[in-house]
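Chemist: only the shape, not the letters, is given here:
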């Protein structure tokens, strides 16, 4: 998985800079070396600007690690994240439990479900202080032995958090991952990039990611989004771009408003965007044509996608 950085320290300019600005400076010859970037001023983790000086790029300019087998040193970013972990109380809910450097994930990677528990009900726990759907955390010396349940929006947040923690792990944080039975999870096998001509041989549920596009059809009785990964992949002898139609009415569920609004903006601007999808695929035929579709039922798809 290629990790991108929203900002970098320019060795040539001696200042922090964003990728779009660095790209413009490369065209103006104000920057001369695509590898002259670091994670921060003090950190020696080298970064590279993609599309440096390239006027006809396809993917938007972004910073990526400059070489393999690097570690963050004297890194303000890593220090701040460690301080947040040390100060934060242990987080527990039905989606994951975070205890120091271990992330315990309650997601079913066999069936492709965000939670082993069906739609939860409101519950207050003396251990976690769950007082509403936002799962506010409070400290308590008492322990509850009852089964904990929570609202659907915690499932959505957990997918985002799992992605965030995986990025932290790939950036050098000392994190381990396990399922609820304490079996180790190898997220490098779970996170799968849909690169050009990638062949999906194992259709077990994974977190697939890649650039995507979306079209919004509001000139029909039931407006819908057609969301589609950019790269063609092969699956069950079909070559195509994995896609799914998402009805706007079905997508307006609790916790999904921001996703719907972002999809509308991307549809209007026709921008490509990074998409994460948790699940598998299935083949759909229409008018003698075959398509690779997300395997989620209508009304469920919005819960299983994430847009950074």
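Modeler: Thanks, I have it. Computed from a prediction, not measured in an experiment: that's the story for all the values here. Residues are numbered from 1 along each chain as shown.

Chemist: so residue 249 sits in a strand?
Modeler: No - applying DSSP: H, G, I helix; E, B strand; the rest coil, one finds residue 249 to be helix, outside a strand.

Chemist: in the protein, which residue is most central in space?
Modeler: residue 163 (4.4 Å; Cα atoms, centre = their mean).

Chemist: measure that one to residue 54 for me?
Modeler: Here the criterion is Cβ to Cβ, to the nearest Å. By it, residue 163 lies 28 Å from residue 54. Just so you know, the C-beta spots here come from the backbone N, C-alpha and C atoms, and that holds for glycine as well.

Chemist: any low-confidence regions in the stretch 201-308 of the chain?
Modeler: Applying pLDDT under 70 to the stretch 201-308 of the chain picks out residues 254-255.

Chemist: ok, now with 80
Modeler: Under the criterion of pLDDT under 80, the regions of the stretch 201-308 of the chain flagged as low confidence span 252-256, 288, 299.

Chemist: same thing with the stretch 51-200 of the chain?
Modeler: Under the criterion of pLDDT under 80, the regions of the stretch 51-200 of the chain flagged as low confidence span 56-60, 66-104, 114-158, 165, 167-175, 180-181.

Chemist: and the strands in the stretch 1-150 of the chain?
Modeler: Along the stretch 1-150 of the chain, counting by DSSP state E, counting those that start in this stretch, strands occupy 8-10, 15-17, 37-38, 46-49, 63-65, 91-92, 96-99, 102-105.

Chemist: neighbouring strands for the last one, and are they parallel or not?
Modeler: If I follow you right, that is strand 102-105. Taking DSSP bridges as the criterion, strand 102-105 pairs within the sheet with strand 96-99 (antiparallel), strand 176-179 (parallel).

Chemist: again, but for the first one
Modeler: Within its sheet, and counting by DSSP bridges, strand 8-10 is paired with strand 15-17 (antiparallel), strand 37-38 (antiparallel).

Chemist: name the residues that touch the first one?
Modeler: Pointing back at strand 15-17 there. Residues outside strand 15-17 that contact it (Cβ atoms under 8 Å, 6 or more residues apart in numbering): 7, 8, 9, 10, 25, 37, 40, 41.

Chemist: relative to residue 207, which of those residues is nearest.
Modeler: residue 7 (25.0 Å; Cβ to Cβ).

Chemist: quick one: contacts for the closest one?
Modeler: With Cβ under 8 Å, 6+ apart, residue 7 has these contacts: 16, 17, 18, 19, 63.

Chemist: and the helices in this structure?
Modeler: In the chain, the segments counted as helices under DSSP state H are 19-27, 76-87, 152-170, 187-190, 248-251, 257-269.

Chemist: the last one packs against which elements?
Modeler: Where contact means 3 or more Cβ pairs under 8 Å, 6 or more residues apart in numbering; DSSP states H and E, helix 257-269 is packed against strand 206-217, strand 224-229, helix 248-251.

Chemist: and with 7 Å instead?
Modeler: Helix 257-269 is packed against strand 206-217, with contacts defined by 3 or more Cβ pairs under 7 Å, 6 or more residues apart in numbering; DSSP states H and E.

Chemist: show me what the strand it packs on is packed against.
Modeler: On the basis of 3+ Cβ pairs under 7 Å, 6+ apart, strand 206-217 makes packing contacts with strand 191-193, strand 224-229, helix 257-269, strand 273-279.

Chemist: mind listing what's buried along it?
Modeler: 206, 207, 208, 209, 210, 211, 212, 213, 214, 216 (16 or more other Cβ atoms under 10 Å).
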